[in-house]
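> test case, fold it:
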Amino acid sequence: MFSKTIFKQTLKQNWKLWAIFTALTAAMGAIIIVVFDPRMMQQMMDIFAEMPGMERMGEMVGESFSFLGMIGETFYGMQGLILPLVFVIMTANSLIASQVDRGSMAYTLSTPIKRVKVVCTQAIYMILSVFAMFAVVTLVGLASVQLAHNGLWGQPYTPDVVAASEVLGQSRSEVAADLNLIVHNPEAFAAGAEARRIDEDVYSMYLTLKIFDNALVAASDVLGMPQEQITEDLNVLLESDDAINAMSAILWMEPIRLRAMIQAEIDEHANEAEMDEAIAQTMMDSMIAGMEAAAEVLDMEVDALSNNMGRIKNDPAALSAMSYASGMDEASIVMMINMQLAQSQLELDEPIDFNVMAYVNLNLGIALLLFAIGGISFMFSCIFNLTKNSLALGAGIPIAFLLLDIMASTSSDLEGLRFLTINTLYSPSEITGGGTFIPQFIVLAVVGAALYLVGIKVFKSKDLPL
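From the prediction side, this is the model:
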């Protein structure tokens, strides 16, 4: 059922086409991985939140905000499918129908090699070429994740640490381990703020929060307990001189001063806990009134504005309106906004959400989808003797599947069209979101295998114009 001679000949004739499409697909995937920036995704969410009628688009961006989610929705949702689809259609036609049409199949079958062995060898090449393509795409993608984001191993560094280390002339690891080096160097501080694309007031507050967070991590290591547990009960810090000393070294602060600061924080929390609910509700109502006033000035929805508070402090009219409606002075409002923006920067420091197995499954799934689509093209290549007839259905049906899938994603009214295609069996969001995808993979494998077998059976028994 397999001929080494035919396989070598087919490989020699088609390897350049395979190499070109593989290189282009792998390059596209690598570019998307390398340019990923959480700040860019957040900006997209803010933009869509401000645009009337685009709220759902903003939600979709939020759903794919994770690294793998973004890759799944962009590259594996469309871009990673189109080029391989063209390759599959072209290759399937060239392996059988094109050779029959040109007359070269007659020469091949004039040799002692049996017809069934020829068609099975061509099918094997077709299948191996698809899976080999996505094996390369997977390896290139993993290499890109590591080189651009240290996503597999090693320490990733934030943009401000990278920029500040160049100014300070120190290694990135040294600067990341002691952010006070940035705080006490005006040039490094300015470079860090510019690298993060935030104003210096927000960056100063971010560094304060980040340094204290690093200090809590050091205390967590000393105490052998989770950081969350420490923040819930700061008294555990006061009970350990080693934890206080570890934090003091990172904060560049005398232990006695740090103790006093922690005690003040504990007392403040205690006072807040005793605050009358009516007072707390009044403060909340004032804040809501202030936000509504600022939103009206900026002609935005309150929900959208709450995710983009920087707009308030950058607009004097909005800031004045919020101050008047809430009863808070403008300086306090700006400080509150800076705190929120600094907290957002801390969230961006979280390591990229990259799961190697989920990434492999993304590639396996799209390879199985193209295996099934390739089965359609190969079957019609075996059925028809003329290239034009082979491509009419072997290319027409896969392209129709793609178009129906695109139409279904543009409107909820057209969502039912998705179930007219086999493309719906491959859902990147299910894979990256921890959903169910194994049964769909099995169906794609069975459908693809059945289509190849039908094509082989038809070619084995049909009359050829030899």
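> do you know how far the closest residue to Phe212 other than its chain neighbours is from Ser171?
Spatial nearest neighbour of Phe212, chain neighbours left out: Leu251 (6.9 Å); criterion: CB to CB, 6 or more residues apart in numbering. Any C-beta I mention is one placed from the backbone N, CA and C, and that applies to glycine too. From Leu251 across to Ser171, the span is 21 Å (CB to CB, to the nearest Å).
> which one of these two is surrounded by more residues?
Applying other CB atoms under 10 Å to Leu251 and Ser171 shows that Leu251 carries more neighbours, namely 19 against 11.
> which ones are touching the more buried one?
Residues in contact with Leu251, defined by CB atoms under 8 Å, 6 or more residues apart in numbering, are Asn180, Ile211, Phe212, Ala215, Leu258.
> among those, name the buried ones.
Buried subset of the contacts of Leu251 (neighbour count, 16 or more other CB atoms under 10 Å): Ile211, Ala215, Leu258.
> which one of the residues you listed is nearest Leu393?
Within the buried ones among the contacts of Leu251, proximity to Leu393 (CB to CB) peaks at Ile211, which comes in at 64.8 Å.
> among the helices and strands of this protein, which has the poorest mean pLDDT?
helix 55-63 (a mean of 47; mean pLDDT, DSSP states H and E).
> following the chain past that one, name the next helix or strand.
helix 67-74 (DSSP states H and E).
> got the domain ranges for this protein?
As given by automatic domain parsing, the domain ranges for the chain are 4-152+353-461, 275-350.
> okay, now the unreliable bits of the stretch 151-300 of the chain?
Along the stretch 151-300 of the chain, the parts satisfying pLDDT under 70 run over 270-280.
> do that again at 90, thanks
For the stretch 151-300 of the chain, the stretches flagged by pLDDT under 90 are 151-159, 197, 227-229, 231-235, 264-292, 295-300.
> what segments of it are helices?
Taking DSSP state H, counting those that start in this stretch as the criterion, the stretch 151-300 of the chain carries its helices at 159-168, 172-177, 180-183, 186-196, 200-223, 227-232, 235-238, 241-251, 255-273, 277-298.
> now the fourth one: buried residues?
Taking 16+ other CB under 10 Å as the basis for neighbour counts, the residues of helix 186-196 that come out buried are Ala188, Phe189, Ala190, Ala191, Gly192, Ala193, Ala195, Arg196.
> how about the residues you listed, which pair is most distant?
Farthest pair in these, by CB to CB: Ala188 and Arg196, 12.6 Å.
> where's Ile230 relative to Ile244, distance?
With distances taken as CB to CB, Ile230 is found 12 Å from Ile244.
> who has more neighbours out of these two?
Ile244 (21 against 18).
> how much space between the more buried one and Glu265?
14 Å.
> now do Thr22
Thr22 sits 57 Å away from Glu265, going by CB to CB.
> the more surrounded of these two?
Thr22 (22 against 12).
> angle of the helix or strand that one falls within against helix 67-74?
Per DSSP H and E, Thr22 falls inside helix 4-34. Here helix 4-34 runs at an angle of 120 degrees relative to helix 67-74 (axes from the mean of the first three to the mean of the last three CA atoms, to 10 degrees).
> how far off centre is helix 4-34?
Chain-centre distance of helix 4-34: 25 Å, with CA atoms, centre = their mean, to the nearest Å.
> what is the rounded mean pLDDT of that helix?
On average, the pLDDT along helix 4-34 is 94.
> pull out the buried positions in that helix.
By 16+ other CB under 10 Å, the buried positions in helix 4-34 come out as 6, 10, 14, 18, 21-22, 25-26, 28-30, 32-33.
> cool, and stretch 339-356?
Using 16+ other CB under 10 Å as the test for burial, stretch 339-356 gives Met339, Leu341, Ala342, Ser344, Gln345, Ile352, Phe354, Asn355.
> please narrow the residues you listed to those residing in helices.
Met339, Leu341, Ala342, Ser344, Gln345 (DSSP state H).
> isn't the last one up against Ser204?
The one in question is Gln345. No: counting by CB atoms under 8 Å, Gln345 stays clear of Ser204, with 11.3 Å between them.
> and the spatially closest residue to Ala97 that is not a sequence neighbour, its phi and psi?
What sits nearest to Ala97 in space, not counting adjacent residues and going by CB to CB, 6+ apart, is Ser390, at 3.6 Å. Comment: the main-chain dihedrals of Ser390 come out as phi -60, psi -40, following degrees, to the nearest 10.
> likewise for Leu179?
phi -70, psi -10.
> how many neighbours does it have?
23.
> helix, strand, or coil at Ile113?
Here Ile113 takes the coil state, with states given by DSSP: H, G, I helix; E, B strand; the rest coil.
> in contact with it, which residues are there?
Per CB under 8 Å, 6+ apart, neighbours of Ile113: Ser3, Thr5, Ile6.
> and it, how far is that from Thr5?
From Ile113 to Thr5 the distance is 7 Å (CB to CB).
> same question for Leu391.
28 Å.
> try Leu85
Leu85 is 30 Å from Thr5, where distance means CB to CB.
> got the buried residues for the helix or strand that contains Ala392?
Assessed by DSSP H and E, Ala392 sits inside helix 387-394. Residues Thr387, Ser390, Leu391, Leu393, Gly394 are the ones in helix 387-394 that count as buried (16+ other CB under 10 Å).
> same check on stretch 99-113?
Here stretch 99-113 shows Gln99, Val100, Asp101, Met105, Thr108, Leu109 as buried, counting by 16+ other CB under 10 Å.
> inside helices: which ones of those?
Gln99, Val100, Asp101, Met105, Thr108, Leu109.
> tell me the one of those nearest Val175?
Proximity of these to Val175 (CB to CB) peaks at Gln99, which lies at 62.5 Å.
> surely that closest one touches Met105?
Yes: Gln99 lies in contact with Met105 (CB under 8 Å); the separation is 4.1 Å.
> got a list of what Asn385 touches?
Asn385 neighbours (CB under 8 Å, 6+ apart): Ala97, Val100, Asp101, Leu464, Pro465.
> Phe134: which of those is nearest?
Scanning those for proximity to Phe134, where the rule is CB to CB, the winner is Ala97, at 24.8 Å.
> in contact with the closest one, which residues?
Counting by CB under 8 Å, 6+ apart, Ala97 has contacts Phe380, Ser381, Cys382, Phe384, Asn385, Leu386, Thr387, Asn389, Ser390, Gly394.
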